[in-house]
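Enquirer: Quick one, fold the following:
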Amino acid sequence: MVPLVGAVAELLGVDDAIPESTAEWEGGIKESVVRKRERSRRNRLLCISIHGRICKVCGFDPVTVYGPDGSQIIEVHHIEPLSESSAPRPYDPASDLIPLCPNCHRAIHCRVPAFSPDELRSLMGIS
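Expert: This next block holds a predicted model:
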């Protein structure tokens, strides 16, 4: 990966020398149009009431770490990811959804097709 980045930098004329100021401008306003799949707030609430607020992959409990304010940190994962579904369909909060911490949720979706919770547990060395 590093040689590729170096080749791109060379093509763009990026100097290897470290500039005096490494500060970059950020925070500008950029307008965009986004297509986004709908999610059911009801299914989220039912999933959490059925399964609890503890990550089903790593066991992380955000309330234990962050106190009551941590209760909103847990995310709800679709076992069959919406992005891999060809059409909208009903999802059962008891069998199709599970609570995950943000790190595990991000890790599950870092490849296509998404990792299963069992595959991620195995990668993490959790039995």
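
Enquirer: And the most centrally placed residue in the chain, how close does it get to Leu100?
Expert: Centroid-nearest residue in the chain: Arg106, 2.7 Å away (criterion: CA atoms, centre = their mean). The gap separating Arg106 from Leu100 is 9 Å, by CB to CB, to the nearest Å. Backbone N, C-alpha and C define where each C-beta goes, glycine included.

Enquirer: likewise Ala94?
Expert: Remark: distance between Ala94 and Leu100 (CB to CB) = 16 Å.

Enquirer: Show me which of these two is the more surrounded one.
Expert: Leu100 (24 against 11; other CB atoms under 10 Å).

Enquirer: could you list every residue that touches the spatially closest residue to the more buried one that is not a sequence neighbour?
Expert: Computed as CB to CB, 6 or more residues apart in numbering, the closest residue to Leu100 that is not its neighbour in sequence is His77, at 4.7 Å. His77 sits next to 97-100, 105, 108, 117 when contact means CB atoms under 8 Å, 6 or more residues apart in numbering.

Enquirer: Which of those residues fall in helices?
Expert: The members of these that map onto helices under DSSP state H are 105, 108, 117.
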